[in-house]
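Novice: Sequence and predicted model, in that order:
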Amino acid sequence: SPTSSGPMTSDPTTSPTRNPTNEPSVQPTNIPTKSPSNNPTPEPTNEPTTAQPTVCCADRHTGYQVCNSNPWCSENAQNCGNCGGTIMSVPLERTGCCSWGGDCSGYDPTNNYGCQYLQSDCEGSCWGTWHSF
């Protein structure tokens, strides 16, 4: 009979072992990933906005490109008229030119803003002929 220094069991167990794990579900790729760029893509900008025209007393002597600097002039049409302007959206886009015989070729509109931006000014107080572009 065997000799032992400890208690004896009739059916000893073997040391437990772990079952092997399953194979990976995705095989690794051999292609390395690209290195990060030194020039990252900039953040997107906001959508462009369309400038809204400003309605005010536009100065005739500037070709109706800017508002009269006196707030009183923009209070109403009568005040604006007294200031030599017209209530409208600025800047006014030129749609023609004023001439006093012939066409407008070679004529510089900055030589006479007050006649070159509105047909009514051209044919009225300027006594000219309006030519549409």
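Specialist: Yep, it's here. Numbers count the residues shown, from 1 in each chain.
Novice: What pLDDT is listed against Pro20?
Specialist: Pro20 is assigned 69 on the pLDDT scale.
Novice: Actually, Thr17.
Specialist: With respect to pLDDT, Thr17 scores 66.
Novice: Likewise for Thr62?
Specialist: pLDDT, Thr62: 91.
Novice: Dihedrals phi and psi, it?
Specialist: phi -110, psi 10 (degrees, to the nearest 10).
Novice: I figured it hits Tyr113, correct?
Specialist: Yes - counting by CB atoms under 8 Å, Thr62 touches Tyr113, with 6.0 Å between them. For the C-beta atoms, the positions are set from N, CA and C on the backbone; glycine is no exception.
Novice: Tell me where this structure has strands.
Specialist: 54-59, 85-90, 96-99, 129-132 (DSSP state E).
Novice: can these go into CSV with extra columns for mean pLDDT and mean neighbour count?
Specialist: Output for these, formatted as CSV (pLDDT from 0 to 100; neighbours: other CB atoms under 10 Å):
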stretch, mean pLDDT, mean neighbour count
strand 54-59, 94, 20
strand 85-90, 94, 18
strand 96-99, 94, 20
strand 129-132, 94, 15
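Novice: could you dump those to TSV with distance to Ile31?
Specialist: Converted to TSV, the strands of the chain look like this (distance: least, CB to CB, whole Å):
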stretch	distance to Ile31
strand 54-59	58
strand 85-90	60
strand 96-99	66
strand 129-132	65
